[in-house]
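*Asks:* return atomic coordinates for the entry below.
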Amino acid sequence: MTSQLTIEDLPVPATLDAPGGRQFLAVQQLFRDAAIEELGHDDLVSPDAVQLARLQPSPYGRYFLLVARSGTEPAAAVIAAVLVFLPLAENLNAADIELVVAPPWRRQGVGSRLLERAAERCTQQGRTILNGYAGLSLSSGDSVGTPGAGVAPASPQSGAGWVDAHAPSTAFAITHGFTLGQIDRGSRVDVGEGDAPRLRALERDAESVSGDYDTESWTGPVPEWAVEDYCRIIERMDTDPPMGGLEFEPSRWDAARLRTMEARRRRQGTTSVVTVARHRASGTLVAYTELVVFAGNEAVAFQEGTLVLPEHRGHRLGQLVKARNHLGLGRLQPSVERIYTWNAAENAYMLRINEALGFTACLVEAGWIRK
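*Replies:* Residues are numbered from 1 along each chain as shown. This is a model prediction of the structure:
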């Protein structure tokens with residue numbers, strides 16, 4: 001059946017109405033259907049307009065998209081796709097890939113041919129490391145427990161977490177030379193008006209040991225007074241959290257990069273809610289947390305980074321800023337019904353905070369690496 005397979009570039013269109021817009025929507029539907037098949041919902045698939053805005057090129061990265069068709073005619077159906085991100089500021093030897101194949105075309109070599117075409121393209125551009133990610137239901141992996149009877153586990157180098165070696169995405173990755181770099185636990189909390197008492201209690205508990213710190217919150221762009229400190233903190237997201245066997249060069253942030261990112265988010269229709277902690281004696285920002293909501297998916301919020309600088313840990317600042325940010329989200333974005341967050345399976349400290357906030361495990365994300 002794959003003898004009539006056609007693999008070709010699909011240039012990312014400027015708008016959904018531009019040439020290529022309909023094919024882009026077909027690719028989006030493939031990813032949406034795959035998420036529903038594995039997880040039972042499409043909460044984690046960006047709305048079409050948001051994803052299209054995200055894929056536009058920037059000085060810090062660009063995407064390319066390859067699609068497979070079931071024939072040689074231009075109107076032939078798109079049956080598989082691979083989306084590749086090429087960093088342009090750091091990690092110049094790496095590429096991130098997302099691959100999807102429609103169910104009727106699996107186990108026929110379609111995904112293999114598409115992956116190798118993408119890998120060849122990456123190699124031509126000096127990329128020697130491929131990073132891939134796969135979301136799995138808890139029946140295929142569980143970062144907080146142990147495999148059930150009869151389950152063949154695949155574990156990362158850290159030894160924290162596992163995924164079923166026979167799960168389709170796992171088997172595909174292993175077959176094509178990827179090793180399991182890290183397991184992330186995906187967690188969800190359903191939010192509502194009744195959450196305030198629990199969040200207030202966590203806030204008061206943290207306040208009892210954080211008297212040397214003040215907090216401030218905002219939505220939208222980072223205030224000018226906070227830009228320098230904020231950049232220093234988010235840089236640490238590349239070095240401080242556990243990375244398992246994944247390999248990343250630290251990113252470097254300045255005002256220009258931050259404002260570029262914010263402008264891209266505005267084009268995506270993204271709302272950001274941030275709370276920071278400031279050390280009263282020095283006046284510097286020492287902790288932050290951020291939640292985002294995407295236009296077209298206003299019932300769902302996503303936890304972005306949370307970090308406390310090492311020299312200021314032990315004062316429950318992570319708990320403090322997260323509790324206050326959840327309260328702020330409820331006031332500013334009352335349409336949000338649930339929040340998702342991801343943590344490395346070995347990040348016990350942040351997992352404990354999230355569990356106190358009401359998060360429970362809902363999925364596993366496997367991070368794969370091929371050199």
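*Asks:* residues in contact with Asp164?
*Replies:* By Cβ atoms under 8 Å, 6 or more residues apart in numbering, the residues touching Asp164 are 136, 140-141, 147, 151-154, 170. Using the backbone N, CA and C atoms, a C-beta is placed for each residue, glycine as well.
*Asks:* who wins for most neighbours among those?
*Replies:* Neighbour tally across those (other Cβ atoms under 10 Å): the maximum, 29 neighbours, falls on Gly141.
*Asks:* against Thr170, how distant is that residue?
*Replies:* Using Cβ to Cβ, to the nearest Å, Gly141 is found at 8 Å from Thr170.
*Asks:* overlap in contacts, the two.
*Replies:* Counting by Cβ under 8 Å, 6+ apart, the shared contacts of Gly141 and Thr170 are 163-164, 366.
*Asks:* mind listing which of those are in strands?
*Replies:* When DSSP state E is applied, those are split such that 163-164, 366 fall in strands.
*Asks:* care to break the chain down by domain?
*Replies:* 2-187, 192-336 (automatic domain parsing).
*Asks:* least reliable of these going by mean pLDDT?
*Replies:* Note on the domains of the chain: lowest mean pLDDT is at domain 2-187, with a mean of 92.
*Asks:* quick one on the thing from earlier: which pair of the contacts of Asp164 spans the longest distance?
*Replies:* Using Cβ to Cβ, these reach their maximum pairwise distance at Leu136 and Ala152, which is 13.9 Å.
*Asks:* circling back: closest to Gly220 out of the contacts of Asp164?
*Replies:* With Cβ to Cβ as the yardstick, the closest approach to Gly220 among the contacts of Asp164 comes from Leu136, at 34.6 Å.
*Asks:* next, work out how far apart the closest one and Gln157 are.
*Replies:* With the distance defined as Cβ to Cβ, Leu136 ends up 18 Å from Gln157.
*Asks:* between the contacts of Asp164, which is nearest Pro242?
*Replies:* The closest of the contacts of Asp164, once distances to Pro242 are taken by Cβ to Cβ, is Gly141, at 17.3 Å.
*Asks:* shouldn't the closest one be in contact with Ala361?
*Replies:* No - in this structure, Gly141 is not within contact of Ala361 by Cβ atoms under 8 Å, at 10.1 Å.
*Asks:* what's in contact with the host helix or strand of Leu30?
*Replies:* Element membership of Leu30, judged by DSSP states H and E, is helix 21-39. With Cβ under 8 Å, 6+ apart as the contact definition, helix 21-39 has outside contacts at 10, 12-13, 15-16, 41-42, 44-45, 48, 51-52, 65, 67, 77-78, 80-81, 83, 98, 100-103, 135-137, 140, 363.
*Asks:* now with 6 Å, please.
*Replies:* 10, 13, 42, 44-45, 48, 78, 81, 100, 137, 363 (Cβ atoms under 6 Å, 6 or more residues apart in numbering).
*Asks:* that older thread, in CSV: the domains of the chain, plus distance to Arg370.
*Replies:* What follows is those, written out as CSV (distance: least, Cβ to Cβ, whole Å):
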stretch, distance to Arg370
domain 2-187, 4
domain 192-336, 11
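*Asks:* looking at the ones you listed, which is nearest to Glu355?
*Replies:* Using Cβ to Cβ, the domains of the chain put domain 2-187 closest to Glu355, at 8.0 Å.
*Asks:* check the offset of the closest one from the chain's centre.
*Replies:* Its chain's C-alpha centre and that of domain 2-187 lie 13 Å apart, by Cα atoms, centre = their mean, to the nearest Å.
*Asks:* hmm, back to that, export the contacts of Asp164 to JSON lines and append columns for secondary structure and distance to Pro242.
*Replies:* Converted to JSON lines, the contacts of Asp164 look like this (DSSP: H, G, I helix; E, B strand; the rest coil; distance: Cβ to Cβ, whole Å):
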{"residue": "Leu136", "secondary structure": "strand", "distance to Pro242": "19"}
{"residue": "Ser140", "secondary structure": "coil", "distance to Pro242": "22"}
{"residue": "Gly141", "secondary structure": "strand", "distance to Pro242": "17"}
{"residue": "Pro147", "secondary structure": "coil", "distance to Pro242": "21"}
{"residue": "Val151", "secondary structure": "coil", "distance to Pro242": "24"}
{"residue": "Ala152", "secondary structure": "coil", "distance to Pro242": "25"}
{"residue": "Pro153", "secondary structure": "strand", "distance to Pro242": "19"}
{"residue": "Ala154", "secondary structure": "strand", "distance to Pro242": "18"}
{"residue": "Thr170", "secondary structure": "helix", "distance to Pro242": "21"}
